[in-house]
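K.L.:
Need a 3D model of the sequence below.
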Amino acid sequence: MNNCLNCLTTLLLLCWNLVAANAKTNEMRTVTVNGATRSYWLYVPDKVSASAPLVLSLHGTGGHATDKSPFRTSVADQVGCIVAYPQGENIFFPVFGSTLPGWHATGEDSKDIDFFKAVINDVAAHFSIDRKRVYCCGFSNGGMMTYTAACVASDVFAAFASISGYPINEFHLHQAGPRPVPFLHIHGKADDFVRYRHMPVIVDNMVARNGCNPVPKKTRGTGYDKSVYEATEGSFPYVYYEIDNMGHNDFTSQTEDGNSAMTMWKFMSQYTLDSPCNTTLVWQPHIEAVGWDPTAHGFDLNNATTLLNFGGEQSTWDNQNVYHSLQLRVGHYQLSFHAEGNTSARITVQLKSIADGKTYLDKTMSCGDVSVNFSVDKDWAEYQLTILRSSALEAIKLSNLSIHTAETSTGITVIRPNDQPARYYTLNGNRTNASQRGMIIRQEGGRTVKYILK
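P.N.:
Presented below is the predicted three-dimensional model:
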C-alpha cells in the first residue's frame, strides 16, 4: 500500500512538474547586470515547445516593457515562441530635451547589450530555449537598438526586424559587424518623426554591407510596397516594407500577413545561428548590377580621372546623421575588384580615414583582376575609397568590387562545402580565380586541395 502511495505521489509530482514547466508565464522579472538590477517582462505561451525560439522585443523611447511592443503575444501563442520584453533604463534624449526610458543605440557594445545577454541567460535558466534561434526586434528607438544588436551581437541573435526605427541624430548607423545579418524593416510612408525620406540611404548602406543584390524584387500589396534585396553568395537578404498612410507606429495590419509582428516572425524564424554565410564579407555594393545606377546611391563614377569615389559624406541638420558610409573596424582587409580596360592603363587605389585624413592605401597598378591587402588601426571609423585613372580618356569599367577581412596568418578562414564544380580561394578564405599566381586552394565536391601556381 505504501509502495502504491509512493508511486502515486511520484507520478503526481512528475505531472505537476511537467505542467509547471509548460505553464503560461506572464510576469515581470529582474536580473542583475554589472551590479545593477534590470527588469524585463517574460511571456511564455501555454503550448510552448521544448527548445523554444526566443524573441527579444524592444519598446520605443518613453515606452515600457508592459507595452509588449512591437512583437505581439498573440503571435507567440500561435507559433509557440517565448518573448522577453526588456525594460530600457532612463536616458537623456536631446531630441526630447528630457530623460526617458530607452536604449543606448550607438552602434557600439554597451550595458544594454550585456542586459540582453543576461535576459537570455535568465530565460534559459527557467525554460528550454534554442540558443541558435534567438531573435531581436524593436520599435522606434527599440528599432535603432535592433540595428545596434545586428552590429555587435550577431553571434547572439540569428535575425533581426525593426518597425519605424533606424539610427538617426546621436545614433549614427553602424553596420561594421562581424558578419552579414538577415534583416527586415517596416516603415510608414507618413512617418515624419523617424523620417521615411531617409530610409533609402539606410537601405543602401545595409544592402552593401550585406552584399545583397541592390536591385530588389518588388511586390505591390494592399496598402504596402515590399522590396526584397536578395542574398548573393555568402550573404543574407534585407527586406523592406513601405506602408501607405502609416505614421510613427509600432504595428500595422498592412502586410501580406495582416499583422506586422507575424511578418517579423515569418522572416526571422527562417534563420538560425548556423545559417551559412561568408563571415569575411564586409562590403560588396555590386556596382555592375543590371538595372542599378550607382551614381543615385552615393557613388561618383567616371568623373574625369576619377573612376570611382565613395564615402566622404557628413552629418547635417537636414540628413539627421543619415548618409552613405563605408565603415571598417580595426583589422586586416582585402579590397578586390575587376578593372576592364587596356592592360597598359594604370589605376591608383586610395583609402583614407574621413575623420583625420590618414591614408591607409595608396597603390598604383595595372588593369585586370585587382586584389590588394591593407590594415586599419581605428576601433571604428568611416573611410573614403577612391579609384583613379591616369587620363580621363581611358575607358575602364569597374566590377566585382568588394572588401573582405583578411587574416595575417596562413590558414583558411571560411570555406564551406558547395555544389559547384570548382571554386578557388586564397589562403585567407577569399574567393579568387584559377589564374591567380601563388598558392591558392581549389575546392571541389566539398574537398579542398592546395595548389601552387607559378
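K.L.:
where in the stretch 51-200 of the chain is pLDDT low?
P.N.:
Along the stretch 51-200 of the chain, no part satisfies pLDDT under 70.
K.L.:
which residues in it form strands?
P.N.:
Remark: strands assigned in the stretch 51-200 of the chain by DSSP state E, counting those that start in this stretch are 52-58, 82-86, 89-93, 98-102, 129-139, 159-163, 183-188.
K.L.:
low-scoring stretches of the stretch 351-454 of the chain, by residue?
P.N.:
In the stretch 351-454 of the chain, residues with pLDDT under 70: 408-454.
K.L.:
which stretches of it form strands?
P.N.:
Under the criterion DSSP E, counting those that start in this stretch, the stretch 351-454 of the chain carries strands at the ranges 359-366, 368-389, 397-405, 423-425, 431-432, 438-444, 447-453.
K.L.:
For the closest residue to N321 other than its chain neighbours, give me its contacts.
P.N.:
Closest residue in space to N321, ignoring its immediate chain neighbours: S315 at 4.2 Å, by C-beta to C-beta, 6 or more residues apart in numbering. To be clear about C-beta, it is placed using only N, CA and C from the backbone, and glycine gets the same treatment. Taking C-beta atoms under 8 Å, 6 or more residues apart in numbering as the definition of contact, the neighbours of S315 are 172, 321, 323.
K.L.:
Try it again at 10 Å.
P.N.:
With C-beta atoms under 10 Å, 6 or more residues apart in numbering as the criterion, the residues that contact S315 are 168-170, 172, 321-323.
K.L.:
swap in S98?
P.N.:
In this structure, S98 makes contact with 61-62, 90-92, judged by C-beta under 10 Å, 6+ apart.
K.L.:
mind running it again at 6 Å?
P.N.:
Counting by C-beta atoms under 6 Å, 6 or more residues apart in numbering, S98 touches no other residue.
K.L.:
thinking again about what came up before, which pair in the contacts of S315 has the greatest spatial separation?
P.N.:
Looking at these by C-beta to C-beta, the two members farthest from one another are E170 and Y323, with 14.7 Å of separation.
K.L.:
More neighbours: which of these two?
P.N.:
Under the criterion of other C-beta atoms under 10 Å, the comparison of E170 against Y323 puts Y323 first, with 20 against 13.
K.L.:
what about the closest residue to the more buried one other than its chain neighbours, which SS state?
P.N.:
In this structure, Y323 finds its nearest non-sequential neighbour in E313, 3.7 Å apart by C-beta to C-beta, 6+ apart. Using DSSP: H, G, I helix; E, B strand; the rest coil as the criterion, the local structure at E313 reads coil.
K.L.:
Could you double-check that E313 sits in contact with L326?
P.N.:
No - shown here, E313 and L326 do not form a contact pair, counting by C-beta atoms under 6 Å, at 10.0 Å.
K.L.:
who's more crowded, these two?
P.N.:
The residue with the greater number of neighbours, taking E313 and L326 and applying other C-beta under 10 Å, is L326; the counts read 24 against 16.
K.L.:
who does the more buried one bridge with?
P.N.:
L326 forms beta bridges with Y383, as assigned by DSSP bridges.
K.L.:
For the spatially most central residue of the chain, which residues are in contact?
P.N.:
Nearest residue to the geometric centre of the chain (C-alpha atoms, centre = their mean): V181, 3.7 Å. Going by C-beta under 6 Å, 6+ apart, V181 touches 150, 154, 236.
K.L.:
repeat that with 8 Å
P.N.:
With contact taken as C-beta under 8 Å, 6+ apart, V181 is in contact with 150, 154, 159-160, 210, 236.
K.L.:
Which residue, neighbours along the chain excluded, lies closest to it?
P.N.:
Distances taken as C-beta to C-beta, 6+ apart place A150 nearest to V181, at 4.7 Å, with adjacent residues excluded.
K.L.:
gap between the one you found and V370?
P.N.:
In this structure, A150 lies at 30 Å from V370, with C-beta to C-beta, to the nearest Å as the measure.
K.L.:
Between these two, tell me which one has more neighbours.
P.N.:
Between A150 and V370, counted using other C-beta under 10 Å, the more crowded position is A150 (26 against 19).
K.L.:
That one is in contact with F160, isn't it?
P.N.:
Yes - applying C-beta atoms under 8 Å, one finds A150 in contact with F160, separated by 4.7 Å.
K.L.:
residues shared between the contacts of those two?
P.N.:
In contact with both A150 and F160: 136, 181, 183, using C-beta under 8 Å, 6+ apart.
K.L.:
N26 sits in which helix or strand?
P.N.:
Taking DSSP states H and E as the criterion, N26 maps to strand 25-33.
K.L.:
Off-centre distance for the next helix or strand after that strand?
P.N.:
Using DSSP H and E, the helix or strand that follows strand 25-33 in sequence is strand 36-44. Mean C-alpha position of strand 36-44 versus that of the full chain (C-alpha atoms, centre = their mean, to the nearest Å) differs by 25 Å.
K.L.:
Can you check what angle separates strand 36-44 from strand 25-33?
P.N.:
Relative orientation of strand 36-44 versus strand 25-33 (axes from the mean of the first three to the mean of the last three C-alpha atoms, to 10 degrees): 150 degrees.
K.L.:
Export only the CA atoms of strand 36-44, formatted as PDB.
P.N.:
Included here for strand 36-44 are C-alpha records, laid out as PDB according to Å, rounded to 0.1, in the frame of the first residue of the first chain:
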ATOM      1  CA  ALA A  36      22.700  46.900 -11.400                       C
ATOM      2  CA  THR A  37      19.200  45.500 -11.300                       C
ATOM      3  CA  ARG A  38      17.300  45.500 -14.600                       C
ATOM      4  CA  SER A  39      13.800  44.200 -15.400                       C
ATOM      5  CA  TYR A  40      12.000  42.600 -18.200                       C
ATOM      6  CA  TRP A  41       8.600  41.200 -18.900                       C
ATOM      7  CA  LEU A  42       8.500  37.500 -19.800                       C
ATOM      8  CA  TYR A  43       5.800  35.900 -21.800                       C
ATOM      9  CA  VAL A  44       5.600  32.100 -22.200                       C
END
